[in-house]
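Enquirer: sequence first, predicted coordinates after that:
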Amino acid sequence: MANGNGAAGAPEQDLAPALNALAQYIKDFSFENPNAPRSLAPQENPPQISISVNVNAKQIAETDFEVELTLEGKAGEAPNLLFSFELLYAGIFRVQNIPQENVHPVVMIECPRLLFPFARQIVADAVRNGGFPPLFIDPIDFAALFRQRIAEVGQGQPANA
């Protein structure tokens, strides 16, 4: 099939798999520095830093999904907590021409992979603005996180996906 300019028609292009980020935004964010200014003094030992990650998604239209990436972390333990943060960063993604059996993995692996660098930067900037060296979170293997969640669901554990 040819169109008016002699080029091949678009039907093949329309069938190409596509994942588009339509929007990204902070849904909720909290940074606490409860013991400032005492917490800003040089520390004898580096604090224990703990970080948790969660991914949730919901379909909002036929081809559109809202994907939420939650990062929570803290440095130190009460009563000597240096800082803590909670970030809920989300995006709207359009998924087209992807086989139905692959949509869930794409949404739960590729979408948070696209969101993560922005969420990581928000956390690093907030920690730095709180008076500490920036906290650069290591890259996350969202495929492994997805497999872990599927295994938990298979064992009867509740899942948010």
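Expert: On my side now, so go ahead.
Enquirer: distance of the residue positioned nearest the centre of the chain from Ile98?
Expert: Of all residues in the chain, the one closest to the mean position by C-alpha atoms, centre = their mean is Leu69, 3.2 Å from it. Leu69 sits 20 Å away from Ile98, taking C-beta to C-beta, to the nearest Å as the criterion. Yep, even glycine has a C-beta here, placed from its N, CA and C like the rest.
Enquirer: one step back: how about the residue nearest to the centre of the chain, secondary structure?
Expert: Three-state call for Leu69 (DSSP: H, G, I helix; E, B strand; the rest coil): strand.
Enquirer: wait, isn't Leu71 in contact with Ala90?
Expert: No: Leu71 lies out of contact with Ala90 (C-beta atoms under 8 Å); the separation is 11.9 Å.
Enquirer: I'd like the mean pLDDT over stretch 43-50, please.
Expert: If you average the pLDDT over stretch 43-50, you get 86.
Enquirer: should've said stretch 126-139
Expert: The average pLDDT within stretch 126-139 is 94.
Enquirer: that's a helix at Tyr89, yeah?
Expert: No: according to three-state DSSP, the state of Tyr89 is strand, so it is not within a helix.
Enquirer: who's in contact with it?
Expert: 24-27, 68-71, 115, 118-119, 122 (C-beta atoms under 8 Å, 6 or more residues apart in numbering).
Enquirer: rerun at 7 Å
Expert: 26, 69, 115, 118-119, 122 (C-beta atoms under 7 Å, 6 or more residues apart in numbering).
Enquirer: sorry, back to before: the residue nearest to the centre of the chain bridge partners, please.
Expert: For Leu69, the beta-bridge partners under DSSP bridges are Val55, Tyr89.
Enquirer: what about it, distance to Glu62?
Expert: For Leu69, the distance to Glu62 - C-beta to C-beta - is 23 Å.
Enquirer: can you check His104 too?
Expert: In terms of C-beta to C-beta, His104 sits 15 Å off from Glu62.
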